[in-house]
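K.L.:
please work out how this folds:
(2 chains)
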Protein chains: 2
Amino acid sequence: MKIQSVRGTRDFYPDDMALRNWLFARWRAASRRAGFVEVDGPVLEPLDLYTEKSGPEIAEQLYWLEDKGGRRLALRPEFTPTLARMIAARQAALPTPIRWFNISRCFRYERAQKGRLREFYQWNVDLIGLDEFYADAECISVAVDAMQDMGLTPDDVEVRISDRRLLSELMQDLGITAESVPAVFRVLDKRDKVPRETLFEMLLGTDIGTAHIEGVKKILALQSLEDLQTYAQSRAPEIDTRVQFVQGLFTSLHDYGIADWCRFDIGIVRGLAYYTGPVWEVYDRKSEFRAIFGGGRYDRLLADVGGRPMPACGFACGDAVLGLLLKERGLGPAAQKAAQYFVASAEKDNWSEVLLVVRHLRRCNQATQFDLTGGSLKRQMKKAADAGARFVAIVTGEFANSRRVTLRDMDSGEQRDVALEKLGA
Amino acid sequence: MKIQSVRGTRDFYPDDMALRNWLFARWRAASRRAGFVEVDGPVLEPLDLYTEKSGPEIAEQLYWLEDKGGRRLALRPEFTPTLARMIAARQAALPTPIRWFNISRCFRYERAQKGRLREFYQWNVDLIGLDEFYADAECISVAVDAMQDMGLTPDDVEVRISDRRLLSELMQDLGITAESVPAVFRVLDKRDKVPRETLFEMLLGTDIGTAHIEGVKKILALQSLEDLQTYAQSRAPEIDTRVQFVQGLFTSLHDYGIADWCRFDIGIVRGLAYYTGPVWEVYDRKSEFRAIFGGGRYDRLLADVGGRPMPACGFACGDAVLGLLLKERGLGPAAQKAAQYFVASAEKDNWSEVLLVVRHLRRCNQATQFDLTGGSLKRQMKKAADAGARFVAIVTGEFANSRRVTLRDMDSGEQRDVALEKLGA
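P.N.:
Presented below is the predicted three-dimensional model:
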């Protein structure tokens, strides 16, 4: 009876796993270069951890179950609530700022489609305890560092940055009430998914009134920081403050040497209600795929789980969309090789001599295979090629006296005699 | 509102995570040295994948849920069924032998206790396609290699090895029917959990009859391969064949140089019904903990999921019991350091100069932090110490002209001037 895997999940055969390990290694290296340390939490979390933050509707998009004690347990859809729970539990003892990163397997019960899986990995980087723009810039620099390390360039991707507080002030300056702003944000978040006209029709569906539609259009038409400055002149002082904040952020990004990766894009709002300041997303320049990274500031994070309030910013990056982009650009690890060395035997029944060579090579930390079935030399060479071995060490009848093997370089075809103690060093 | 984590799950704070990464690195390195390649599958698998193999009772010990389409999905309790499913799906295309390893997060809905968690990690190594004892020896050698790399010695742990087919032949030689053998094995698997007398009472509860109890006692009293040879003399030829098999296995282990880690222990049977040949477990010598590794041969693996039959052997090792043993022995990673370098500033408002140094160090792949809040030098030195930084690079007013920083070695307290381009190399 053949059993199929679950829709929206993946099997990681050796080549898939090699890509996953390559990606994780780059996520980890970029995080560590910037002095972030790795943490993790459980996959199983109380369902309440998510419904408290996002409302009971969220349960529809989660995998969850009731245990024998009637407790509702969810498979984490993201890491951030776990992060908040973990920090709240040890808040007094942790030196600030907290620089944590995490790579977690997450689960969402959504329609499986291109770049959207039900089981996926997410890289999270969080910087907790700082409320100024340099913290946001530090997080963006880590994201760019990882992309650069993967071989991506500013020609491939773009970090689109805005600020929700700025946008909120601009909306209120039009006369839109603070209460209506979230509904407007929810519409704006659909910007790339619907035609521009549909977007404005959706805005009419909110309670901001037709009077403000033209004003919103004008704000969304601002193309650059310069446009923003011109527009913002002689308006409310709250707007000035936020414009200066955004300018400071862009100056920082310039100091990080990553200005050419970044663009001010006033229409980025990010749907999630918890963002409280700068928000940003990374897209491929051709806009073929969904957002690759989503990040921003979420200063209410700790208070929402009952902790002492602490400013916070960070980002998440999934492996599915990024994987599609890397594949399209031909980036990723070299072909997977199971072994660097293969020990072959030219004799029969010299098992213990072959093992002596194998043990020596493995002690030298060389990935080493041999033919456990003791087939012909030709067959052993075939197996060495299957394993992708760069070198074959052939143990002949001479070995017992000479302690030397014939080493064949599979790339050049050259052979030479090598003493056992020199092998694999 | 404070939300607690789920019982039997773990939060991995930086030090816990450092231990997990240290352990995984050793699991991966030992696997790769022996030419095994990494694979993985989903956490969510069809519940059938487990009930087909182990019967519907197994669902009681699993976390599972019904999705909106009425499909029953389980959180994997182990990796082996996924492995079998993955191999069966590509069986014709995969060159043999298949050498795969995996590190997976697994879930079991059991009573949480010392060394037994509801959410844990398991390292799996599988060698598929070989039916001779050298394959079993190769797997055991990988397990020992990893333990050695962790700093464990034969004084700490012991690999206890038996053979289920041998034991089955010995039982049948007593007159116990082949049908009764599994019931006897299930009792013997309790050997370390109940007193010896209780064990024999439990044996009386099977249908083997009191006549054979003395015979079983005699077999269980065999302490060594020599005892076994003496006992097995002039019995059935099937027994001879299996004794030779076990002798071959121990000769191999000797050739691998790991004989002093291994002991023949006829009472090891392993509860799971699917083992078909050699079985082995690793225990700490003091028997303080449960088994650390469990392994053996399971030649029916592929046929059970509808694949073409293929011989197979391998092992699994969880992180919970091993973690307890390492802790008790004082083994594990050195204290976690967030940063190797800390860039401090002796001036105000030289953000872009500080960032120039930070960027240089990070490009040299050095974990580098700096004080984003621009506090006093004293405060910055405190933050450098918090991060565990080995070096502090101090940017002074001279930097703009000299492009040199003052480098302080935090271990020795020595300071010297270093040119930017020499820093971190």
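K.L.:
where do the strands sit along the stretch 151-300 of chain A?
P.N.:
Secondary structure of the stretch 151-300 of chain A (DSSP state E, counting those that start in this stretch): strands at A:157-163, A:262-264, A:278-284, A:293-297.
K.L.:
next one: the stretch 301-425 of chain A
P.N.:
For the stretch 301-425 of chain A, the strands defined by DSSP E, counting those that start in this stretch occupy A:312-318, A:341-345, A:368-370, A:391-395, A:404-409, A:415-419.
K.L.:
on that earlier part again, of all the strands of the stretch 151-300 of chain A, which lies closest to chain B?
P.N.:
Comparison of those against chain B by CB to the nearest CB identifies strand A:293-297 as nearest, at 13.7 Å. From N, CA and C alone the C-beta is placed, and that goes for glycine too.
K.L.:
which other helices and strands does the closest one contact?
P.N.:
Contact analysis of strand A:293-297 by 3 or more CB pairs under 8 Å, 6 or more residues apart in numbering or on different chains; DSSP states H and E lists helix A:133-149, strand A:278-284, strand A:312-318 as its packing neighbours.
K.L.:
picking that back up, can I get the strands of the stretch 151-300 of chain A in a markdown table including mean pLDDT and mean neighbour count?
P.N.:
A markdown table is the format used below for those (pLDDT from 0 to 100; neighbours: other CB atoms under 10 Å in any protein chain shown):
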| stretch | mean pLDDT | mean neighbour count |
| --- | --- | --- |
| strand A:157-163 | 97 | 23 |
| strand A:262-264 | 97 | 21 |
| strand A:278-284 | 96 | 25 |
| strand A:293-297 | 96 | 25 |
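K.L.:
can I get these in a markdown table with distance to B:Thr210?
P.N.:
Converted to a markdown table, the strands of the stretch 151-300 of chain A look like this (distance: least, CB to CB, whole Å):
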| stretch | distance to B:Thr210 |
| --- | --- |
| strand A:157-163 | 76 |
| strand A:262-264 | 82 |
| strand A:278-284 | 74 |
| strand A:293-297 | 71 |
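K.L.:
who wins for proximity to A:Asp409 among the ones you listed?
P.N.:
A:Asp409 lies closest to strand A:157-163 among these, at 39.8 Å (CB to CB).
K.L.:
what lines up beside the closest one in the sheet?
P.N.:
Strand A:157-163 has the following sheet partners, assigned by DSSP bridges: strand A:262-264 (parallel), strand A:278-284 (antiparallel).
K.L.:
to B:Arg7, which of the strands of the stretch 151-300 of chain A lies closest?
P.N.:
When the strands of the stretch 151-300 of chain A are compared by CB to CB, strand A:293-297 sits nearest B:Arg7, at 32.2 Å.
K.L.:
okay, now the residue of the stretch 151-300 of chain A found nearest chain B: neighbour count?
P.N.:
Nearest residue of the stretch 151-300 of chain A to chain B: A:Asp255, at 4.4 Å (CB to the nearest CB). Neighbour count for A:Asp255, taken as other CB atoms under 10 Å in any protein chain shown: 20.
K.L.:
quick one: contacts for it?
P.N.:
Neighbouring residues of A:Asp255 by CB atoms under 8 Å, 6 or more residues apart in numbering or on different chains: A:137, B:351-352, B:355-356.
K.L.:
let's go with 10 Å and repeat that
P.N.:
A:134, A:137, A:141, B:351-356, B:358-359 (CB atoms under 10 Å, 6 or more residues apart in numbering or on different chains).
K.L.:
could you do A:Gly115 as well?
P.N.:
A:288-292, A:318, A:320-325.
K.L.:
and what of A:Ser376?
P.N.:
By CB under 10 Å, 6+ apart, the contact set of A:Ser376 is A:344-346, A:382.
K.L.:
which of those ranks first by neighbour count?
P.N.:
That'd be A:Ala344 among those, by other CB under 10 Å, with 27 neighbours.
K.L.:
quick check: the gap between the residue lying closest to it once chain neighbours are set aside and chain B.
P.N.:
Counting by CB to CB, 6 or more residues apart in numbering or on different chains, A:Gln380 is the residue found nearest to A:Ala344 once chain neighbours are left out, at 4.1 Å. With distances taken as CB to the nearest CB, to the nearest Å, A:Gln380 is found 13 Å from chain B.
K.L.:
and A:Gln380, how many neighbours?
P.N.:
21.
K.L.:
hmm, it is touching A:Arg408, no?
P.N.:
No: using CB atoms under 10 Å, A:Gln380 is not in contact with A:Arg408, being 11.1 Å away.
K.L.:
any common contacting residues for the two?
P.N.:
Counting by CB under 10 Å, 6+ apart, the shared contacts of A:Gln380 and A:Arg408 are A:342, A:344, A:392, A:394.
K.L.:
out of the residues you listed, which is nearest to chain B?
P.N.:
Among those, A:Phe342 lies closest to chain B (CB to the nearest CB), at 8.2 Å.
K.L.:
just the pLDDT for that closest one.
P.N.:
Listed pLDDT for A:Phe342 reads 97.
K.L.:
any idea how many residues pack against it?
P.N.:
Using other CB under 10 Å, A:Phe342 is surrounded by 30 other residues.
K.L.:
partner residues bridging it?
P.N.:
Bridge pairing for A:Phe342 - DSSP bridges - gives A:Gln369, A:Val392.
K.L.:
who's in contact with it?
P.N.:
Shown in contact with A:Phe342 (CB under 10 Å, 6+ apart): A:358, A:361, A:367-371, A:380-381, A:383-394, A:408, A:410, B:35.
K.L.:
filter those to the buried ones?
P.N.:
Those of those that meet the buried threshold are A:358, A:361, A:367-371, A:380-381, A:383-384, A:387-394, A:408, B:35, by 16 or more other CB atoms under 10 Å in any protein chain shown.
K.L.:
pretty sure A:Leu225 contacts A:Val243?
P.N.:
Yes: under the criterion of CB under 10 Å, A:Leu225 makes contact with A:Val243 at 8.4 Å.
K.L.:
and these two? which has more neighbours close in?
P.N.:
Remark: of A:Leu225 and A:Val243, A:Val243 carries more neighbours, 21 against 17, as counted by other CB under 10 Å.
K.L.:
any idea how far A:Val357 is from the residue nearest to that one when sequence neighbours are not counted?
P.N.:
The shortest distance from A:Val243 to any non-neighbouring residue, by CB to CB, 6+ apart, is to A:Ala232 (4.9 Å). Counting by CB to CB, to the nearest Å, the gap from A:Ala232 to A:Val357 is 74 Å.
K.L.:
of these two, which one has the most company?
P.N.:
Using other CB under 10 Å as the criterion, A:Ala232 and A:Val357 rank with A:Val357 on top: 24 against 20.
K.L.:
just the pLDDT at that one, thanks.
P.N.:
Confidence score, pLDDT, at A:Val357: 97.
K.L.:
and what of A:Lys422?
P.N.:
A:Lys422 is assigned 96 on the pLDDT scale.
K.L.:
okay, now it: neighbour count?
P.N.:
By other CB under 10 Å, 10 other residues sit near A:Lys422.
K.L.:
dump the residue contacts of it.
P.N.:
Taking CB under 10 Å, 6+ apart as the test, what A:Lys422 contacts is A:404-405, A:407.
K.L.:
distance of it relative to chain B?
P.N.:
For A:Lys422, the distance to chain B equals 19 Å [CB to the nearest CB].
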